[in-house]
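Visitor: okay, predicted coordinates and the sequence, questions at the end:
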Amino acid sequence: MTIATESATSRRDALGERLFASLLGGMELLAVQLGIRLGLYTALRDNGATTAGALAVTAGIDQRYAQEWLEQHAVTGILEVAVECDDPAERAYALPTGHAEALLDPDSPGYAAAMAPGLVGLAKTLDAVAAAYRTGAGVAYERYGAEVRDCIAGLNRPMFANDLAKEWLACLPDLQARLLAGTPARVLDVACGTGWSAISFARAYPQVTVTGIDLDTASIDQARCNAAESGVADRVRFETADAITAVTEGGYHLAMLFEALHDMGDPVGVLRQVRSALAGGAPLLVADERVADTFTAPGDEVERLNYAWSVLHCLPATRATSPVIANGTVLRSPTVRQWAGEAGFSRVEELPIANDFWRFYRLED
Ligand SMILES: C[S@@+](CC[C@H](N)C(=O)[O-])C[C@H]1O[C@@H](n2cnc3c(N)ncnc32)[C@H](O)[C@@H]1O
């Protein structure tokens, strides 16, 4: 065997191993989604050590399926065997310490369950995406359905709940001083999704009112429910609207644009609109993907994650909106600066906020 053939064989095998690991991870994520959808983790958390029979009764599912799911979850290590027994019907299972928080607490910084619906939603939409690749058309954001919406909301909510009002706001000292003094403030949340950024801000500062806008009707419906359940519906207003036309009121003390600039069909137009809605000197806080400044292949996990989102979701979704620009998920820092300048912002500062996935920018005049 020549050296070249050996190298081709080892590369072939390495790729095979890598795809096998992906298959395993994907299938285990789908089994997690089954647990979420059927309420199996809630039952395990509430009841402690649980047999297949007990889980079947509590969750209202078939006992044989309950047994197989519990065994699969114990084999993967997501559950542990709490009571060992050769008889599968007598064996009991439990959530190890920490796993209930990762699977069931959507405000926890360690909440991870939201990844599971994302895979389902992306897979369900793959046929439409493949058709769009052939024609060059787009796949509308709403077509990705509740699972992708839930995934995005669930991945971002813990950052809003834990970091937005304290850590991120500390990088906007003028506004923070105003809020700590108890002075009223109006905040605009552009492309607010299901509303958790607006809600978290309003919960942290009782004198703040927030207007959230988003193109997606289902997201806005969900945002209104979330605000009502969080007790802030009197100070947080949500509207279904396109940011390019909807930002008509002015005088906002802060505008926020979280993980959405890359989704805008006309990002410069939206930035221009938002700029005109800000009170004199008020900042626009943008967070978007923490990707490298230039294309490099192969890339790290953040780059890989964002390209995967881009080919499966963000690029098709933006192309469905008659875009001026369809950037895709991989929004690099120099592009943000260029768009901000074209929109008339005179200052773009990258903020020193530690975050594995997002880069933060303060835009102002
Ligand atoms: C990745 S999601 C982020 C949602 C939310 N900001 C968050 O961080 O969870 C992007 C959002 O941008 C919205 N969007 C895209 N283009 C828009 C536009 N022109 N006007 C308003 N919303 C838009 C989508 O509907 C979607 O809800």
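Guide: Now that the structure is in, tell me what you want to look at.

Visitor: and the residue of the stretch 1-150 of the chain found nearest the ligand, how many neighbours does it have?
Guide: Closest contact between the stretch 1-150 of the chain and the ligand, by C-beta to the nearest ligand atom, is at residue 141 (4.8 Å). For the C-beta atoms, the positions are set from N, CA and C on the backbone; glycine is no exception. Number of residues near residue 141 (other C-beta atoms under 10 Å) recorded here: 23.

Visitor: what's the pLDDT at it?
Guide: Listed pLDDT for residue 141 reads 97.

Visitor: so what's it closest to, chain neighbours aside?
Guide: Nearest residue to residue 141, sequence neighbours excluded (C-beta to C-beta, 6 or more residues apart in numbering): residue 317, at 4.4 Å.

Visitor: and that neighbour, helix, strand or coil?
Guide: Following DSSP: H, G, I helix; E, B strand; the rest coil, the label given to residue 317 is helix.

Visitor: confirm for me that the residue of the stretch 1-150 of the chain closest to the ligand is in contact with residue 217.
Guide: No. Residue 141 is not in contact with residue 217 according to C-beta atoms under 8 Å; the separation is 10.2 Å.

Visitor: which residues do those two both contact?
Guide: Common contact partners of residue 141 and residue 217 (C-beta atoms under 8 Å, 6 or more residues apart in numbering): none.

Visitor: show me the contact partners of stretch 134-144.
Guide: Contact with stretch 134-144 is made by 121-122, 124-125, 128-129, 131-132, 215-218, 263, 313, 316-321, 326, as judged by C-beta under 8 Å, 6+ apart.

Visitor: go on, stretch 96-116?
Guide: 29-30, 32-33, 35-36, 41-42, 44-45, 78-80, 95, 150-151, 153-155, 157-159, 161-162.

Visitor: out of these, which sit inside strands?
Guide: Cross-referencing the contacts of stretch 96-116 against strands under DSSP state E gives residue 80.

Visitor: are any of the contacts of stretch 96-116 buried, and which?
Guide: With burial judged by 16 or more other C-beta atoms under 10 Å, the buried subset of the contacts of stretch 96-116 is 29, 32-33, 35-36, 41-42, 44-45, 78-79, 95, 150-151, 153-155, 157-159, 161.

Visitor: for the ligand, tell me which of those show up nearby.
Guide: Taking C-beta under 6 Å from any ligand atom as the test, the ligand is in contact with residue 153 out of the buried ones among the contacts of stretch 96-116.

Visitor: burial of the residue in the stretch 101-250 of the chain that the ligand sits nearest to, as a residue count?
Guide: Per C-beta to the nearest ligand atom, residue 193 is where the stretch 101-250 of the chain lies closest to the ligand, at 2.8 Å. Counted with other C-beta under 10 Å, residues neighbouring residue 193 total 23.

Visitor: buried only: go through the contacts of stretch 134-144 for me.
Guide: 121-122, 125, 128-129, 132, 215-216, 263, 313, 316-321, 326.

Visitor: follow-up on the earlier one: can you report phi and psi for the residue of the stretch 1-150 of the chain closest to the ligand?
Guide: Main-chain dihedrals, residue 141, degrees, to the nearest 10: phi -50, psi -40.

Visitor: so what's residue 273 up against?
Guide: Counting by C-beta under 8 Å, 6+ apart, residue 273 touches 243, 244, 245, 247.

Visitor: how about a cut-off of 6 Å?
Guide: Contacts of residue 273 were listed using C-beta atoms under 6 Å, 6 or more residues apart in numbering, and they are residue 247.

Visitor: what residues does the protein put near the ligand?
Guide: 141, 152-153, 156, 191-193, 197, 213-216, 219, 242-244, 258-260, 263-264.

Visitor: of these, which belong to helices?
Guide: Counted as lying in helices by DSSP state H, out of those, are 152, 153, 156, 197, 219, 243, 244.
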